[in-house]
Structure formats: structure tokens, C-alpha cells
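1. here is my input; please provide its structure:
(2 chains)
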Amino acid sequence: MVGGTGRGIRFSKLYSFSCVRSSFREDRSQIGQKGYTRVVHCNDPDDPEAVQLNYRGNYVSTTKYTAVNFLPKSLFEQFRRVANIYFLVVACVSFSPLAPYSALSVLAPLLVVIGATMAKEAVEDWRRRKQDIEANNRRVQVYRNNSFCKAKWKDLRVGDIVKVDKDEFFPADLFLLSSSYEDGICYVETMNLDGETNLKLKHALEETSSLQDEKSFQQFKAVIQCEDPNEDLYSFILLRDSKLRNTDYIHGVVIFTGHDTKVMQNATDPPSKRSKIERRMDKIVYILFSTLVLISFIGSVFFGTETRKDISGGKYRRWYLRPDDTTVFYDPQRPVLAAFLHFLTGLMLYGYLIPISLYVSIEIVKVLQSIFINQDQDMYYEETDKPAHARTSNLNEELGQIDTILSDKTGTLTCNSMEFVKCSIAGTAYGRGMTEVERALARRNDRPHEVGDASSDLLGDGDEMDLGKPIKGFNFRDERIMHGRWVNEPHADAIQKFFRVLAICHTAIPDINEGEISYEAESPDEAAFVIAARELGFEFFSRKQTCISLHELDHESGGKVDRTYKLLHVLEFKSSRKRMSVIVRNPENQLLLLSKGADSVMFERLSKEGRMFEAQTREHIRNYAEAGLRTLVLAYRDLDEEEYKAWEEEFSRAKTSVAADHDALVDAACDKIERDLILLGATAVEDKLQKGVPECIDRLAQAGIKIWVLTGDKMETAINIGYACSLLRQGMKQIVITLDSQDIDVLRKQGDKEAIAKASCESIRKQIREGKSQLISAKENSVSFALIIDGESLSFALNKNLEKSFLELAIDCASVICCRSSPKQKALVTRLVKMGTGETTLAIGDGANDVGMLQEADIGVGVSGVEGMQAVMSSDFAIAQFRFLERLLLVHGHWCYRRISMMICYFFYKNIAFGFTLFWFEAYASFSGQPAYNDWYMSFYNVFFTSLPVIALGVFDQDVSARLCLKYPLLYQEGVQNILFSWPRILGWMSNGVISSIIIFFFTTKSIIPQAFRRDGQVTDFEVLGATMYTSVVWAVNCQIALSINYFTWIQHFFIWGSIIFWYIFLVIYGSLSPTVSTTAYRVLVEACAPSVLYWLATLLGVISTLLPYFSYRAFQTRFRPLYHDIIQQKRSEGLETDDTPNELPHRVRDKIQHLKMGLRRS
Amino acid sequence: MDPNGGSSSAGAADGASDPAAARRRHSKKPKYSRFTQQELPACKPILTPGWVISSFIFVGIIFIPIGLASLFASERVVEIVHRYDKDCVPASYRNDMLAYIQSNETNKTCTRTFLVPKQMKSPVYIYYQLDNFYQNHRRYVKSRSDKQLRSRASENDTSSCDPEDVTANKSAIVPCGLIAWSLFNDTYGFSVNNTLLGVSKKNIAWKSDQQHKFGSDVYPKNFQSGGLIGGAKLNSSIPLSQQVDLIVWMRTAALPTFRKLYGKIEVDLEANSELTVVIENNYNTYSFGGKKKLVLSTTSWIGGKNDFLGIAYITLGGLSLFLAISFLLIYIIKPRPLGDPTFLSWNRNPAGHFN
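-> Sure, this is the predicted structure:
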């Protein structure tokens, strides 16, 4: 329960009063070795040795391409896609006489598609380039020729001395020499790097902190030896792109430049993820490709046999083809070769089965979908001014298929804004507020008014009104000690000391703004303490390097006095120490050691006489933990001068030691003084659940999504939070797997590691087995189970041999909570679920410790909270609050899934319907490879006549409105079970395409051939048939999409009907060009088709008869085998959904899903 | 009324509201529009029973009349189809029809007589119908030069016409290519009750073809002068734009069975009158086993005789009505089957957890 364990490690390194020195000394043994070869000649970049080293300049380029390599490189990127290569090969071959159509008509769509994608790349890269130019040309003061002068960032060299002023960015990674402060400290904001807005303190070497003016630098020469460039962020220097704050200026030496800087070394691309649908789509493309090969093969066999027969016994069968004087393509003497070449022609001709524009259309659609996600007002968080952000667009539809959510707790389910709610001072518990966990517990135990102190939560709410405006980080109310009344309490002395510890023992920095003081603290916990102290009359208002000043409420006079404490030492927080202390000299000249830390380390450090309230305090701490609060124990001790002096000597020896075990020495020294403490009490800080979390989890559970929480908390806290956020519910059976059994404790005391491991493994195996049998026995009662496992057990459960049975147990449980889990374990669990179940997983987290998990999961969602931006940077989607996940999944996820799967199905449909008409025509052209249509009809098919409606479908379609998506979470199962993109459905659409092509071809040819098709006796020829069939195809596929769309806005109408109208317009314009250009399309509509009634009647017949099978199927299906969205639509249309039944609760979610599943299977 | 005062106060107000305004200005809050929030007014059609049934009925009542009308129109058309390829070969050649057609010695003239079954109003269109003739073969379709046909200047543009592109002495053939080379060359002469009937060739070719695709300054040249004679010869003194038979032939057919206009008879043919046709049976369809038919047909608004469209419309209309009725019956018999919404909806359950 020590404030922000994960953060603490990182921060302390950055913050550190000693780190600058220590990290150098530690590594000295390694200097000159591999990885530590960098030599910087300070203030002397022209030194021959320095020149020889030839380190890179400070010029930075983050672009993917340069002007020279853009064309080849981006082309290469484009043709890494198999489909594009296929089209390229086709385009190349189309210049040979093999091609059934003109080369230009093949090349044009390919160029459009490739060009569009390349243009997108170019624009993105141009933006990056503009940023680079801006950064490279920023100015900074550099020490050159004995004075500081302005230079561009890109001209900096390693070894240069630069001066950076307040609120400027560091131009490169710098080594701090001196600052405007005498003691050479400076404050740094690293928002650009990790999004953290709190300030970090950096410290210069004492030896250089006197270098203040231009003169002093004349003589300054130094050599720095340090590590090579690497991506390890949190080490010793001032990082490029971080900002100087609260400090007038600093001087520094450039150590790493340009691409060697930490920020550049850290810039890696996130792992690219592909959605399941896209992977399945690849399979469909393969299927289509096989179909293509198959029908080409069939065609070439027929063609070969027909061609062979053209000459038999010196007689020419089809003499009009001149088989005696022919080319290799039609040579009856070599029918096999002719057939093979025809096979290649066939591959090109039926290439329309594989839609060239599919990939680019999907990309466009996904980008637009992401824009909708980014623009959603319901996922915008006012408080932090953050909208949702889809960082990648290629996983949108995956959002609709999530089976398991793996969630972090702190900062994800909770706000990570710590609120000081309770404390126990000198054995008395203060603080009357009721935490959310307590409320949930109360609900759970059916006694809403018995828990907590006498005052109920109702009163607490009333209090809040009294206070006027709530103070961030402070939710403590207790009339006994507030407003200075603590002086009347029995242990007023202890109370005073208690709050002094809170006000002094920390590393926060005050920020005074128009009389109001706010604090920059390492962690929200710390801020909460300082704020609590301020609210109770111990206002910390100034920190200097050696002293801390407070406005204090005077014990006797009741007035305010300023007291300044001389800060002698900070024994910093480390996760191994689990405590921090300060040594101060108070105005009365007394030496004090003030300490705060986790209960596990603090109680053992108390002196005999300091344990007066130990029992009560322990009891209170236990209560607090149960209420889901984070606790810290506060203690202090008086030091006498001699002891302090002796210790200080030892301590500074330890600090300056260069031995490898430097840290251990320092820790040991600290340990020596941090004993014989006197207990003051304990604090309890609430990490409030974010708004709407329980409701959100409830809905997600109703949607049939399994939720796992992976937290670093203790088991009790985790379970209580589980109740608070409705993850655990009453009536749920808990299966707890832990290693806290007696025999293992015994083994632990003996210290035999192997025996412990063996026994633990056995114990876990047994517990898992028991859990399983529980599950089986309870199956018929439809009781849901929750699995709770702690980190230690988890490490055993994740072993190879237990992994499988653990997973089997876990996936049968409705909720799973893993407590005390490390970041690595989080990632491992995620992988286990992903690999083990093969289902889609989503990980959500907010901290750096969640990064592994986010990258491992199919989708990583970053919560942009207070813990910096690292999680967000490695996520695929970023949201500001956990509750937005509901909308992201149930609304956007469902829609995107539906849109993309419909879109792909339809895309294949329209291309099959079109491609197969070509094939049927071939059957009547002795498979000679003559396309039924004009070249340009064909190449525009995917570009103009059918592309926009399908994009509209992919971007705008909604089966049900957002409100209903949220109201009927079960709808989400359509995605989880992949109903809309199941193989039967895909194959159904494909066969619908084949049927459409058959209907169109045969109905058209039968009705308009061979008789006169007009009153003037003209007969249908090749041109008219092509135009008529094409008209039917354009109408049919566009009407088909109109039938499939659930949501018609003017955009859909415009695109669908516009595409059809455009076909006629195209035909008129193209047909009016010179006949050498338009060839078979010359005046075909105006002169031949339009005046013929038969043409229009044949079109109508073709269209209606192609739509009829799908329409009848849908009519039948919506009525008798409805999918869930059909039911909701039906309810909506019948006006049934208006009778709201609020608070619909998840009852037997599983049953319902089971039922739905069966219903679907039947259909 | 002091403009300065007014402006300064406005300035002050601006200053006061500045931080808030700035926040608003820089706020990343997505702008509201019905478009971005995906709330555009939309119609959301769904297949309710009413819609299903009425659309089936609608299709039915539209389609059946159309079908009846087309069928009626098709029935009104009088069509005579007469196959002559076999009958026009003398019995002695029946076993080797190919030899007959390829021989220069044999008499190709053949007279056929048949009755006109019904009155045929003028114009009566004369077609020849070929069968199993792949005018849509890729080699065949491509074997022409549109440029050459169009203008004299492109006379030598024969690259696509191989092997009928140039003569042995490299002089361009006009019109080049297999299509022109294989021009149909049977001819028909008609007489009714022993009165000769004129055959008009007026307007049997598309106007656009005559005006824009076939040049009036392009004259046949070196045509059918090679060793192998394909089909008809052309009068080299008539420009291509006037060679209507060629123009009709050059419009390649869509399918291997096709009709092409031969001409028109511009008098009415009375019922039961005897029609005599003198056929010059020159064209070789025997080598590929194709039939030759002579077709005489009147037209109606729908064109020639073809019952398919009418039957298809009636069938489809009938099917729609049938579906409408069966859906109706099913709805009446099983009003709320499997997909009963109440069956799957989330209704509050008394055994829920939080009650």
C-alpha cells in the first residue's frame, strides 16, 4: 500500500538528490567497456580527439522517406501486399497480346489505387518533415568564442556548452553543469516525453555549479565518459524535448545529439496488429484466387479442345478464324500451348473476382470510422479535455469482437486521484466519510446503515454541500479535528506531530499562484498528504534546497505562524525500502526524523515506548484495507546531536562510496537511523472508483464479455474493489487460489527454496483441481463463479504444466481477479488468454506497468489518466475514462464490426456477380477470352459504379442506434461469436453473387436474343448485349446494397442512386467520343439501347429477379430465424422499445447467450 | 454614449472571460454536428410483415401485366423461320456437303416455297440466322481496323488484322481483317404468288455506323484477292459507308446463334399466300456444322417474336404473389414464432441479484 509502487521506482531515479553522482560512480568500473565508450570533450568540440570520434550532429529526421527514396521505398511498401503484386503482374502482362483487354484500362485503376495510398503516405510524411524542420531550426544559446551566441539546434555538436532559459526545450541530451540556483538544481517537465506534468528535480555536480558567467567557461575543460546511446530513459541527464521549469536558466554540455538522444532512441513503432476479420479476409482472397485459377483452368481446357478441332485431316472447321495461318495463341497444331497461354489470359479476365479496390476502400473506411470514434462527444472527458482517440485505425472492427477484457485497477477502474479520507492518530480513528467500497459492502450485507462511523453516507454528502466546493485530493471530514478544533482533542500533541510529518516528509514542490498554493508531487498519494496537512492548518508553502517552511496554526495563540524547518537529509523512497524519511532541524533547534511507510516495515521499527497505540492502529489499518483504502503508517523520533553526527558521517561515506554495492551501503546506513520510532498513526487514502465503472462493468458483463482484473493490490483490497465495481456480485461463488497456507509458511521459515517451489506447485495444482470440481458440481444451478488468485500463486499457475488447467478453470469463471501481479505477469496472463482461448482479448491500463499487457493483447486501450502517457503511447485506442469503454465496444465496436464484415461480404458479392457474368459469356464464346464488356466499363466498375455505396455502408451503416446498442448489450455477442462474418454467411453471399450472375446473364440473353429487340428490326449485337448486361449488373449490385443497408441518410441515397445514374451519364459521354476511342460503346445507349423498350424491360427483369432470392431469404429470416439485431429492429419499429425498463440486471447472462447461440445454430 | 468607454468595457469583459474563452477555444471537445455524432436523420427500413407482403404484391401486380403485354406483343408478331442449309444441298452431296459448298462447279441456287401463315404487315424484316458461328471469338472480334474503316488516311493501319491484313505484295487490304473477309454471301430473292418482291436494304445498318464508323471515302481494295476466299466480294466502286451488308456483318454478334438483318420487304404479305425464295447458297457453314435459317418477321413495340420475356415476367409476378400469400398465411397461422421479442429480451427478473 505504499504510494504508487510502480511510479516510485521510476520517479525516485529521476528525482533523486543523489542519483547524478551515484549512477556515474556505479558504472565507473564499466567505463571503456562495451556499451560505455562515449567520451565527451566538454567545451572543446574542435579538439582533434573529439573530431576523430565523429559523433553525429544534432540534425533530426523522423520521416519515413526522403525526396530521393520516396518513390522506390513507398512503391516497395505498396507491393508488399500480395494482392497488389497480383495486379501489378496483371498490368505488366496486359501489354502483351495475352491480355483480353487494353493495357491502359488495367493500369488506370491500379495507378489510382496505388497513387491514393502513396499520396496518403506522402502527406503524412510531409507533416513529419515540417515538424522536423521546425525543430531543427529552433535556436539555442551556445558558448562559442568565449561568449554565448544563438545557434540553430541542428548545428549543435557533442561537447558544446549551451545555455537554456526558463520554459525552453532542451535541444539535445544535456549534462547539467550549473543553474540559476546556487546549488545547481533545476526543475524539468517531461511532458513531451511521457506526458507527465509534474516537475522533476535535477542536480548538478558541486564542482561545476559555480560556472555561472561567460568568463568562467573560458577556462572550463572536462572530459565526460559515459554510456553509449541507448533507450534507457530514466538515467542521468536532461533529455531533449523536455522543458526547463521554475529555473531561470541552466548551463549544460551536449552529450547525445540528434538520433543518439534518448527520445529518438525510444521512438519505436508499436507492434503492428491485424484484426481477425482481415486475416479471414485474406483467406477469402485465397479462396477467390483458387476459384479464379479453377475457372481459368476449366476455360482453357475447353478452349484447348475447341481449338484443336479447328484443323482435322486437313479440313478447317472454323475456317473464318483462319486456323491455317494463326498465332501461337490460337494454334490448333499446338493446342496445349495455346491452352496454357489462354489460362494466363483467363487469370486476367476473371481477375475481377479479386477486387482491386477492396484494400484501399477498407483503409478509407477505417480511417473515417476512426474519425467518428475521435469525434464522439459521449467519449469526451470534460475534466481533462480529452476526447477518445483511435491511434490505429486497423483494429476498429476488432472492438466488436472482444471476448475477454483484461483490466488494470489503479488509474483504470479508479481515478488515481488519491483522496485523503481517514486517519488514525494516537489510536483514535478520524474521518467520517464513507467510501464506495464501504457502500458496496453495505449493500452486499444488506445493512446499508450500519457500516462505518455513526454518520451515514447521507450525512457525508451533506457535509460536502457545507464545504462549498470540494477540494481535489481531500475528502476528509471530521468536526473533531477540522477548523483547528484538534487542539481540544486528548492527544493534540500527537495530532500536531502527525500533520507535521505529512507536511514535511515528502518531496513535493509548492506552486504559489495568486495566493493559492498547489503542489507538484511525485505521486497523487503524496499530493493528498500535503493537501490534507494544508487543510488542517499545516500549510507547506516553500521549499528551498535546505529548508521547508510551513504556515502553522499556533497551538496556544490560535493564530498563524511561519515555521521553517531545516532540511538535513532526505532518505528517499524506494520500493525495496517501502518507506521514506526526512531529517530536519526544527525552529527550536531540535533534530527530528520524520518517517512514513508501509505497515509491514514500519511496525517492526518502533521503539518499545513508541508502541503505545499499536494495537488500535493495526486494527484501524485492517479496517481501512477492507474498505479498499491505501494506508501508510507515520512515525517520528527525536535524534540527539551526537548520534546524528556519527550517523551522518557514515551516511556520507556510504553515499560517496564507489563500490558496486553502493546502494546496499546507503540502504544500510538509512536503516541504522530509521529505528526506535514512535508511532503517530496511520493515514488512509481512497483511490476513488471512476464514475460509472460499476455500471459499465455490469453492461459489459451483460454483453457476455469476461472481465479479468489484474492488480498490484492486496487480495482483500482487490476483493473489495471487485465488489465495489460490480465485478463480484452477491450469489457469486468465489474460488480463491493462494499460497498463504500453514505448511508453506513453515517451509518458508526453513528457507529451502526448492521445497517451497515444489510444495507451492502441488498446492496450486490441488486448488485448481478443487475449483474445477466445484464448477462442475455447480453447473446445473447456473451459479456464476469468480476466481481470485494472488501473484505468487499466479507465477506457479503460469508454469507450463499448470497453465492449461488454470486457463480451463479461469475461462469458466465469470470474473477473474489476479492480485499482486507484476507487469510481466500481466503480459503473461494476457498472452495465456489470447493463445489459450484463441478469442479476442482487450487489455486496458493507464500506467507504464501496463505497457506489456497492452502490446500483448489483440487490442490495447490506454486510459489517459494521471500516470503519464506511456500506456497511451503504446495503446491502440486511448480513452479518458474507463466507462467510455462501454460505448467504445458496444456502440463503435459493434458498428465497426458490422460495417466491415458487411462491407467485405458485399464487396465479394459484387465482384463475383460481375466476374461470373464474364465467365458465362465465355462459355458462349468458346472460351476464347473475349470479355463481354467494353474495357472501360470493366475498369470503372470497381472505381466509379460500385465503390461509393459500399464505402457509405462501411462508414455509416447502423443496424440499431447507439442508444439501443447500449440498452441491449447482448447484441454485442453477434461480434464475439462472429455471426456476421461466419463462413456460412460469407459463402452465402458468394453464392448469392454467383446466382445473381447466372440470372443476369441468362435472363438477359434469353430475352433479347436472337430476335429483333426494337421495332425497327435491329437485332442485339455484341455491343448491345454488353451494355444491357452491364446495366443490369450495376442496378442489381446497387439495389442489393440498398436492400442490405439498415440506415438510409441522404448520403446513402446519393451514393447508391448516384452510382446508377452515373453509369448512364458515363455511357452517354463515353459513347459520344470518337468511335476509335469508345469502340463498342459508341452511341450504344443513345442510339441503340435507350429507344428500345426491351432494353428497359430486360434490365427490370434482371434486377428484380436477382434481388428476389435475397429479399425472400431476409424476409423469411427476420421473421423466423431472427438475429438479435433483427429482434431489436422489430421492437423499435413496433414502438416497443420506448417502454423503458431501467436497471435491467444481468440475470443468467450465460443462459441467454446459450439460448441465443442455439437459436443461431438453428438458423 | 462614449465609444471609448464602450470599447474599454468590452475589452475588460473580454479580459475577464479570457481564460474561460481561451479554454473553450482550445478545447479538444469534438464539435457537435449530427454528422459527426452519427445521428443524421435517416430512414431505417426493416422487413416488417406488412412491408414484405406489400412489396411482393407490388412486384406481382406490376410484373404480371407487363408479362401479359409483352407476351401479347410477342404473339402478335408473325415470324417464319426456314432452315435451308441441308435442304439446299442436292441429295447426291448430302454425304459430303462440304465438298458441295467448296466446289465452284456446283449449282448453288436453290428455290424454296412456303406459305405465309398469317398476314404480315409491312415492313417485313428479312434475317439470316447462323448457328454455331463464333463471331464473338476473341481472335475474330479483334481482327478489324476501326481506323482503316473510318478514313482513307489510315488505310495502312492493318496491324490488328492479321492474317487478312495485306496482300502478298504488302499492299493493304481494305477492309482488312477476318470479320470482313468472312462476310456472309448467301442471297435471297423473293416472290409472292409469282410476283417478284423488292428487297429494300434501306436503314438496315445503324445510322451511326454508316455515318461515323465507315468512311464515305474508303473504297474496297485488294479485298478477297488472296488465295483463300472467305465470303462475299465487295464492289470496289462503292464506298464502305454504302456497303450496308458489310456494315451489318461487321457489327459482331453476341452469341454463336445470331440473326442479322438482310433487308426489308415493304409490302404486306397476305395470309396463305405462297412465298417463293430463290437462295444462292454460297456460305460455308457446313465445315463447322452450323445451321442456316432464313427468317421473315414483323415487329411490334417489343421487337421480334420471343415469349421468354413475357413468360419470365408472368412467372416472376406469379411467384411474388405466391410468396405474398404464403407469407400471409404463415403470419396468420404462426403469428409470433421463434423470434418472439419477449422471448429474448431482458426483462426484470424477480431473482436478479440486486433487488
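2. what residues does the stretch 101-250 of chain B put near chain A?
-> B:123, B:125, B:127, B:129, B:133-141, B:146-147, B:150, B:162-164, B:178, B:181-182, B:203-204, B:206-208, B:212-213, B:228, B:230 (Cβ under 8 Å from any Cβ of the partner chain). For glycine as for every other residue, the C-beta is placed from the backbone atoms N, C-alpha and C.
3. drop anything exposed from those residues.
-> B:123, B:125, B:127, B:129, B:133-141, B:146-147, B:150, B:162-164, B:178, B:181-182, B:204, B:206, B:208, B:212-213, B:230 (16 or more other Cβ atoms under 10 Å in any protein chain shown).
4. quick one on the thing from earlier: out of the residues of the stretch 101-250 of chain B next to chain A, which are inside helices?
-> B:138-141, B:146-147, B:150, B:178, B:181, B:207-208 (DSSP state H).
5. can you give me the strands for the stretch 701-850 of chain A?
-> For the stretch 701-850 of chain A, applying DSSP state E, counting those that start in this stretch gives strands covering A:706-710, A:733-737, A:785-790, A:815-819, A:840-845.
6. do the same with the stretch 101-250 of chain A
-> Secondary structure of the stretch 101-250 of chain A by DSSP E, counting those that start in this stretch: the strands cover A:139-144, A:147-152, A:161-165, A:173-179, A:185-189, A:199-203, A:222-226, A:243-245, A:249-256.
7. any chance you could list what contacts the last one?
-> It stands for strand A:249-256. If you take Cβ atoms under 8 Å, 6 or more residues apart in numbering or on different chains as the criterion, strand A:249-256 is touched by A:38, A:40, A:42-43, A:58, A:156-166, A:170-180, A:186, A:211-212, A:217, A:222, A:224, A:226, A:229, A:237-238, A:240, A:244, A:262.
8. beta partners for residue A:629?
-> Beta bridges link residue A:629 to residue A:686, judged by DSSP bridges.
9. could you find the closest non-adjacent residue to residue 131?
-> Looking at chain A here, since you left the chain open. residue A:62 (7.3 Å; Cβ to Cβ, 6 or more residues apart in numbering or on different chains).
10. that answer is for a different chain, and I need it for chain B
-> Nearest non-adjacent residue to residue B:131, counting by Cβ to Cβ, 6+ apart: residue B:291, 4.0 Å away.
11. so what's that neighbour up against?
-> B:83, B:85, B:129-132, B:285.
12. can you flag the buried ones in those residues?
-> By 16+ other Cβ under 10 Å, those give B:85, B:129-131, B:285 as buried.
13. if we take the residues you listed, which one ends up nearest to chain A?
-> The closest of the buried ones among the contacts of residue B:291 to chain A turns out to be residue B:129 (Cβ to the nearest Cβ; 6.5 Å).
14. tell me the contacts of that closest one?
-> Residues in contact with residue B:129 (Cβ under 8 Å, 6+ apart) are A:1010, B:81, B:257-260, B:291-295.
15. okay if I get those residues as JSON lines plus distance to residue A:804 and secondary structure?
-> Formatted as JSON lines, those follow (distance: Cβ to Cβ, whole Å; DSSP: H, G, I helix; E, B strand; the rest coil):
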{"residue": "A:1010", "distance to residue A:804": "69", "secondary structure": "coil"}
{"residue": "B:81", "distance to residue A:804": "77", "secondary structure": "strand"}
{"residue": "B:257", "distance to residue A:804": "67", "secondary structure": "coil"}
{"residue": "B:258", "distance to residue A:804": "69", "secondary structure": "strand"}
{"residue": "B:259", "distance to residue A:804": "73", "secondary structure": "strand"}
{"residue": "B:260", "distance to residue A:804": "75", "secondary structure": "strand"}
{"residue": "B:291", "distance to residue A:804": "73", "secondary structure": "coil"}
{"residue": "B:292", "distance to residue A:804": "77", "secondary structure": "strand"}
{"residue": "B:293", "distance to residue A:804": "76", "secondary structure": "strand"}
{"residue": "B:294", "distance to residue A:804": "81", "secondary structure": "strand"}
{"residue": "B:295", "distance to residue A:804": "77", "secondary structure": "strand"}
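16. ok, of these, which come out buried?
-> Going by neighbour count (16+ other Cβ under 10 Å), the contacts of residue B:129 have A:1010, B:257-260, B:292-295 buried.
17. ok, residue B:47 to residue A:628 distance?
-> 51 Å (Cβ to Cβ, to the nearest Å).
18. neighbour count: these two, which is higher?
-> Shown here are residue B:47 and residue A:628; by other Cβ atoms under 10 Å in any protein chain shown, residue A:628 has more neighbours (29 against 20).
19. report the contact partners of that one.
-> Per Cβ under 8 Å, 6+ apart, neighbours of residue A:628: A:435-438, A:686-687, A:717, A:720-721, A:724.
20. again, but for residue A:732
-> Residue A:732 touches A:783-786, A:814-815, counting by Cβ under 8 Å, 6+ apart.
21. how much space is there between it and residue A:701?
-> Taken as Cβ to Cβ, the span from residue A:732 to residue A:701 is 11 Å.
22. where do the contact lists of these two overlap?
-> Shared contacts of residue A:732 and residue A:701, defined by Cβ under 8 Å, 6+ apart, are found at A:814-815.
23. now the stretch 251-355 of chain B against chain A: closest residue?
-> Nearest residue of the stretch 251-355 of chain B to chain A (Cβ to the nearest Cβ) works out as residue B:304 at 2.8 Å.
24. in space, what's closest to that residue - neighbours in sequence excluded?
-> In space, and not counting its chain neighbours, residue B:304 is closest to residue A:1011: 2.8 Å by Cβ to Cβ, 6+ apart.
25. before we move on, back to that, just the contacts of residue B:129 now: which is nearest residue A:312?
-> Distance to residue A:312, by Cβ to Cβ, is smallest for residue B:291 among the contacts of residue B:129, at 20.4 Å.
26. residue A:800 is in contact with residue A:828, correct?
-> No. At 11.7 Å, residue A:828 does not count as touching residue A:800 under the criterion of Cβ atoms under 8 Å.
27. if you count surrounding residues, which of the two has more?
-> residue A:828 (19 against 6).
28. what pLDDT does the closest residue to the more buried one other than its chain neighbours get?
-> With sequence-adjacent residues excluded and distances taken as Cβ to Cβ, 6+ apart, residue A:828 is closest to residue A:798, at 5.4 Å. With respect to pLDDT, residue A:798 scores 83.
29. could you list which residues are in contact with residue A:798?
-> Contacts for residue A:798 (Cβ under 8 Å, 6+ apart) come out as A:806, A:825, A:828-829, A:832.
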